[in-house]
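J.: Give me the fold of what follows.
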Amino acid sequence: MPKQKPPRLTLSDADLAFVKSLVIHCDADVLALNKPAGLSSQGGRIQAATLDDLLAAFAKPSGVRPRLVHRLDRDTSGVILTARSQPAAAFLGKAMMGRKVRKTYLAIVAPGELNPPDGTIETALRRVDQGREAYVRVCEADHPDAQTAFTRYRTVAATADAALVELSPRTGRMHQLRVHMASLGRPIAGDPRYGGALVIAGVAIPRLMLHSSALSFPHPGGGERRVEAPLSEDMARLLGQLGLAAKQAP
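T.: Predicted coordinates for the structure are as follows:
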């Protein structure tokens with residue numbers, strides 16, 4: 001028998017109010033939201049409401065609803081793009097594939113400032129499956145499973161215990177930023193999978209401290225757009241507790 005599709009989630013008034021509060025940009029072609037940490041982009045092993053489910057709140061009378069153009073890890077917050085029509089989805093999908101979408105992230109890493117404070121990471125990555133879990137490891141460029149990966153980083157603020165860094169990936173590999181920062185000995189705080197600290201200077205880290213702060217992209221209607229997402233309350237609060245300047249990248 002053919003596999004049945006799961007039933008569509010019925011959105012409550014609270015669901016509708018919640019997802020509409022996430023909107024940071026909306027026009028005829030593009031809808032951008034500030035995804036909170038803890039909300040999955042799409043379905044996985046966890047049977048819970050996802051951002052993709054909640055996009056039904058923006059469905060047109062015809063039933064057409066926005067489509068995710070890319071994904072963020074469940075515990076990563078920040079800007080996520082959706083397309084409001086099939087032509088817009090195709091346009092933005094090609095832009096993603098052609099690396100014309102410029103992504104900027106903010107992350108808290110530990111310990112302290114990187115040396116040098118700015119630079120480019122060009123370490124190749126490969127996926128390793130262990131049971132039901134998938135990990136990413138650094139590898140030699142000539143490894144048969146190697147994928148090229150490039151990340152530009154810049155220190156925004158630092159203390160002896162932690163640093164706030166701006167990350168600009170040129171490729172979009174699985175867990176790229178998390179593994180690249182770990183490869184420099186500065187894993188992202190709250191990321192135990194790749195060695196990230198759960199406590200810094202006596203302060204508990206509530207989750208993965210990675211935030212998609214801005215996206216610049218060619219717009220289906222012409223020109224280019226830049227969309228920014230403010231930091232979540234928990235990340236902004238942690239920056240204050242650690243003595244780091246809570247500021248967006250310019």
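J.: what's the longest helix out of those in the chain packed up against?
T.: As assigned by DSSP state H, the longest helix anywhere in the chain is helix 86-97. For helix 86-97, the packing partners by 3 or more C-beta pairs under 8 Å, 6 or more residues apart in numbering; DSSP states H and E come out as strand 77-83, strand 210-218. C-beta coordinates here come from the backbone N, C-alpha and C atoms, glycine included.
J.: most neighbours per residue, which of those strands?
T.: A comparison of the helices and strands packed on helix 86-97 by mean neighbour count, using mean count of other C-beta atoms under 10 Å, puts strand 77-83 on top with a mean of 25.
J.: and that strand, what does it pack onto?
T.: Strand 77-83 sits against strand 30-35, strand 67-68, helix 86-97, strand 210-218, strand 224-228, with contacts defined as 3+ C-beta pairs under 8 Å, 6+ apart.
J.: just checking, residue 208 touches residue 78?
T.: No. The pair residue 208 and residue 78 fails to qualify as a contact (C-beta atoms under 8 Å) at a distance of 11.6 Å.
J.: name the element residue 17 belongs to?
T.: Element membership for residue 17, per DSSP states H and E: helix 13-21.
J.: Which residues does that helix contact?
T.: Contacts to helix 13-21, defined as C-beta atoms under 8 Å, 6 or more residues apart in numbering, come from residues 9, 11, 33, 49, 51, 54-55, 57-58.
J.: And the next helix or strand past that helix?
T.: Next helix or strand after helix 13-21 toward the C-terminus (DSSP H and E): strand 23-26.
J.: Now do the same contact list for residue 124.
T.: The contact partners of residue 124, taken as C-beta under 8 Å, 6+ apart, are 138-141, 143, 146-149.
J.: The residue lying closest to residue 167 once chain neighbours are set aside and residue 86, how far apart?
T.: By the measure of C-beta to C-beta, 6 or more residues apart in numbering, the closest residue to residue 167 outside its immediate chain neighbours is residue 105, 4.3 Å from it. Look at residue 105 and residue 86: by C-beta to C-beta, to the nearest Å, they are 29 Å apart.
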